[in-house]
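Asks: okay, sequence plus prediction incoming.
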Amino acid sequence: MVSLRPTRAYLAVPAHRSRLVAKGPGADLRLSDPAKWAKPAVANGTLEAHADRDSHASRAPQMIGFMQSPCDANVIRVTPAFDAAPSQRRKRLTLAATIFGSSMALVDGSVVNIALPTIQHVLHASVAATQWIVNAYLLLLSATVLVGGAAADLYGRRRIFVFGITIFTLASITCGLSPNITVLVASRAIQGVGAAFLIPASLAMLGATFDEHERNHAIGVWAGVGALTAAIGPVLGGWLVDQVSWRAIFLLNVPLAAVAAGLASFAGESRNDSAKSLDWTGAATIAAALASITWGLNAIPASGFSDRTVVGALGSGFLLLLLFLAIEARLGARAMMPLSLYGSRSFAAANALTLLLYFALGGALYYLPFGLIRLGGYSATQAGAALLPFALIMGFGAQFAGMLSDRFGPQQSLTFGPVIAGCGLALLAFADFRQSYWAGAFPAICVFGIGMTITVPPLTSMVMSSVGDAHAGLASGVNNAVARVAGLFAVAALGAVLFASFSYHLAGAPRAQANEALNAILAGQAGITEAATAAFERALRIVLQVAALCSLLGGILLRFWIRPIGSQAAR
């Protein structure tokens, strides 16, 4: 889907697959001949389209990941290059710097969920506090990633890249040394700000360093390392948690950051002279809105939905969202999220699907490790390895997904992909984690991975093509932010669902007692009753069923939102 990330694991998808065309507001989804596709480029400070000049250029991979949106590599393709061509040595060092910088964020993002059960146990954290370990990071990243990209264009990509690395690394050190959950959550929030500057700047550096034809190879190398990180990150993180400490997953960033910053010193500086000023007002408003809504959702288990503080937080959050929309409408083209983008029916549909699909993905990847570890008795290493098939399927199945989209049409992929992913989550909801992994969780994880793999490549193309070449990079950034917001809300909202279901199945228990019991289970404390364990298992199944429903709804929504592709357009 979008920005990156990622901070999460990136996988390579051939960009020549599943091309979509949509022209103007309200445009329909259409399949186009890949050979006729134009690639975004920059001329005289503005984005323009130019045709692919050879078949190799048309096959550049795109990045997708566990928790990102599908458009990351497109940021690279719309970045203006240097006026003077860099030397080959500088190009190699710049590529290495972006790889190490991105890997730092990717490894951190892919292993934290595996470490959460251990962190909750060691720091004696509540369910709500543990959720904030993920939410604080996603909240600040979601709110500031578009500002980070604009800052890189305005102040210099290398400068902002090093700035982001510095912030991210200092926050990683405080995460690793955190004496309590409060310091850890605050440090994770600062990490999110660092990642919001680091990620878009690293991609922009890569785009500015390599010319059109070399860029494809550079992206391929970058994507390959991302795919490898996606596969081994959770396993490595689980091993560090089991054999060293949960703190090691954060302190691992320090040597990676030192290498990335050192290599970046050899990279050239680039900026966009026509870059617009930063929309700090919009960023602050959306951050406050997301924080208020997330806090309200997290407070439901302890206080209840009807509590005045919960209602006030949720109400304030939605009012701030309306204020954010008003600010963006007033700023027009200077806004970090121009509302004119949503005049395209295809762009609106793509972001709606992104929201639902990544809500399902974010919720599943957050709560599944708790089920594997607390119900199935998995170690952190085993829980990380259990997710390995998901990464491998997305990495090696991308080209086949593109072939399917070419053969049957992108609309079919965007309909049946989320449905298949939803079926995988439904299978997970009924899997018995205490039984054999190969007979229970493994098939469900594979089906889930297949569904995501089928969906992401055409969804990427839909986002990028639906608004025109001049706004391709901006569309990518907005879609990335939507994917991160989806993950943020998934953790908070599904946490409320988990508690409500747990409390319901723990019949007769007062709210405070039920909340205490759920905290004890997730923290791995001793003395848990069989009734509480059974209630948690049922509640986790409900959470996965809700995630499955969101994925299914995304496919159905896309089917009816975008009119069927006519035979004339298909030809």
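Replies: Looks like it came in fine. Residues are numbered from 1 along each chain as shown.

Asks: pop the domain breakdown of this protein in here.
Replies: 10-52+60-278+336-570, 280-335 (automatic domain parsing).

Asks: now for the helix or strand containing Asp153, which elements pack on it?
Replies: Per DSSP states H and E: Asp153 is located in helix 127-155. Other helices and strands packing on helix 127-155, by 3 or more CB pairs under 8 Å, 6 or more residues apart in numbering; DSSP states H and E, are helix 88-122, helix 157-176, helix 181-209, helix 280-303, helix 472-505, helix 511-522. No exception for glycine: its C-beta is placed from N, CA and C like everyone else's.

Asks: now do it and helix 88-122, the angle between them.
Replies: Put simply, helix 127-155 runs at 160 degrees to helix 88-122, going by axes from the mean of the first three to the mean of the last three CA atoms, to 10 degrees.

Asks: buried stuff in the host helix or strand of Phe347?
Replies: Assigned by DSSP H and E, Phe347 belongs to helix 345-370. Neighbour counts over helix 345-370 (16 or more other CB atoms under 10 Å) mark 345-370 as buried.

Asks: could you list every helix and strand in contact with that helix?
Replies: helix 88-122, helix 410-430, helix 441-465, helix 472-505, helix 530-561.

Asks: what packs against the longest one?
Replies: If I follow you right, that is helix 88-122. Helices and strands touching helix 88-122, by 3+ CB pairs under 8 Å, 6+ apart, are helix 127-155, helix 157-176, helix 181-209, helix 212-243, helix 248-251, helix 253-264, helix 345-370, helix 380-386.

Asks: now do the helix holding Asp153 and helix 511-522, the angle between them.
Replies: Helix 127-155 runs at 70 degrees relative to helix 511-522, counting by the same axes, to 10 degrees.

Asks: now do helix 127-155: distance to the chain's middle.
Replies: 11 Å (CA atoms, centre = their mean, to the nearest Å).

Asks: what's the angle from it to helix 157-176?
Replies: With the same axes, to 10 degrees as the basis, helix 127-155 and helix 157-176 are set at 160 degrees to each other.

Asks: and the residue sitting furthest away from the middle of the chain, helix, strand or coil?
Replies: In the chain, the residue that sits farthest from the middle, by CA atoms, centre = their mean, is Gly508; the gap is 38.9 Å. The local conformation at Gly508, judged by DSSP: H, G, I helix; E, B strand; the rest coil, is coil.

Asks: for it, give its distance to Ala531.
Replies: Here the criterion is CB to CB, to the nearest Å. By it, Gly508 lies 10 Å from Ala531.

Asks: what's the answer for Val478, then?
Replies: From Val478 to Ala531 the distance is 46 Å (CB to CB).

Asks: who has more neighbours, these two?
Replies: Val478 (27 against 13; other CB atoms under 10 Å).

Asks: so what's the more buried one closest to, chain neighbours aside?
Replies: Distances taken as CB to CB, 6 or more residues apart in numbering put Met337 closest to Val478, at 5.4 Å, once the chain neighbours are dropped.

Asks: and what of Thr94?
Replies: Counting by CB to CB, 6+ apart, the nearest residue to Thr94 once its immediate chain neighbours are dropped is Ala267, at 4.2 Å.

Asks: touching, that neighbour and Leu206? I think so.
Replies: No - Ala267 lies out of contact with Leu206 (CB atoms under 8 Å); the separation is 9.7 Å.

Asks: which one's more surrounded, these two?
Replies: Neighbours around Ala267 and Leu206, counted as other CB under 10 Å, are more numerous at Leu206. The numbers are 28 against 24.

Asks: my guess is that one contacts Thr98. True?
Replies: Yes - if you go by CB under 8 Å, Leu206 and Thr98 touch, sitting 5.0 Å apart.

Asks: overlap in contacts, the two.
Replies: Counting by CB atoms under 8 Å, 6 or more residues apart in numbering, the common neighbours of Leu206 and Thr98 are Trp222.

Asks: re earlier: and the angle from the helix holding Asp153 to helix 181-209?
Replies: 30 degrees.

Asks: quick revisit: which residues do Ala267 and Leu206 both contact?
Replies: Here Ala267 and Leu206 have Thr94 as joint contacts, going by CB under 8 Å, 6+ apart.

Asks: quick one: distance of stretch 162-178 to the chain centre.
Replies: 20 Å.

Asks: hmm, who's touching that stretch?
Replies: Stretch 162-178 has contacts (CB under 8 Å, 6+ apart) with 101, 104-105, 108, 123, 148, 183-184, 186-188, 190-191, 193-199, 201, 247-248, 250-251, 253-254, 257, 260-261, 264.

Asks: again, only using 7 Å
Replies: 101, 104, 148, 183-184, 187-188, 190-191, 193-195, 197-198, 201, 247, 250-251, 253-254, 257, 260-261, 264 (CB atoms under 7 Å, 6 or more residues apart in numbering).

Asks: filter the residues you listed to the buried ones?
Replies: Using 16+ other CB under 10 Å, the buried ones in the contacts of stretch 162-178 are 101, 104, 148, 184, 187-188, 190-191, 193-195, 197-198, 201, 247, 250-251, 253, 257, 260-261, 264.

Asks: which one of the domains of the chain is the most hemmed in?
Replies: With neighbours defined by mean count of other CB atoms under 10 Å, none of the domains of the chain is more surrounded on average than domain 10-52+60-278+336-570, at a mean of 22.

Asks: average model confidence for that one?
Replies: Averaged over domain 10-52+60-278+336-570, pLDDT sits at 81.

Asks: what's the spacing between that domain and its chain's center?
Replies: Using CA atoms, centre = their mean, the offset of domain 10-52+60-278+336-570 from its chain centre is 2 Å.

Asks: swap in stretch 287-307?
Replies: Centre-to-centre, stretch 287-307 and its host chain are 22 Å apart (CA atoms, centre = their mean).

Asks: what does that stretch contact?
Replies: Contacts for stretch 287-307 (CB under 7 Å, 6+ apart): 127-128, 131, 135, 139-140, 142-143, 309-310, 313-314, 316-317, 320-321, 324, 485, 488, 492-493, 495-496, 499, 511, 515.

Asks: what do you get for stretch 483-502?
Replies: Outside of stretch 483-502, the residues within contact range by CB under 7 Å, 6+ apart are 1-2, 67-69, 127, 131, 134-135, 138-139, 141-142, 290, 294, 297-298, 300-301, 354-355, 358-359, 362-363, 366-367, 514-515, 518, 535-536, 538-540, 542-543, 546-547.
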